[in-house]
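My questions concern the predicted model and sequence given below.
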Amino acid sequence: MSRLKELRKEKGLTQIQMQFLTGIDQSDYSKIESGKRYFTFEQCKRIALALDTSMDYLAELTDEKKPYKRK
């Protein structure tokens with residue numbers, strides 16, 4: 001999950017701030033970021049919105065950081 005950590009740091013956010021933005025407990029977020037735990041679909045969606053990226057980028061299905069056009 002190095003992409004996750006990179007994006008968070010690029011945005012200047014801490015794991016605690018991510019907790020407030022996503023509703024994911026900091027300890028769970030830390031495990032997701034370090035690869036010790038996988039995120040759920042809903043968690044991936046919340047993280048993508050908080051970091052202004054796409055779920056595909058977080059899942060390493062694309063190298064494009066920019067999010068898709070949202071409705």
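Noted; the coordinates are in hand.

Can you give me the buried ones in whichever strand or helix holds residue 20?
In this structure, residue 20 sits in helix 15-22 according to DSSP states H and E. Buried residues in helix 15-22, counting neighbours by 16 or more other CB atoms under 10 Å, are found at 15, 18-19, 21-22. For the C-beta atoms, the positions are set from N, CA and C on the backbone; glycine is no exception.

which residues touch the closest residue to residue 8 other than its chain neighbours?
Leaving aside its sequence neighbours, residue 8 sits nearest to residue 18 (CB to CB, 6 or more residues apart in numbering; 6.1 Å). Taking CB atoms under 8 Å, 6 or more residues apart in numbering, we find residue 18 in contact with 8, 24, 26, 29, 47, 50.

and the gap between residue 6 and residue 63?
Between residue 6 and residue 63 the distance is 12 Å, computed by CB to CB, to the nearest Å.

Can you tell me the number of residues neighbouring the nearest residue to residue 68 once chain neighbours are set aside?
Spatial nearest neighbour of residue 68, chain neighbours left out: residue 54 (5.5 Å); criterion: CB to CB, 6+ apart. As a burial measure, residue 54 scores 18 neighbours (other CB atoms under 10 Å).

thought residue 54 was touching residue 62?
Yes. Contact between residue 54 and residue 62 holds when scored by CB atoms under 8 Å: they sit 6.9 Å apart.
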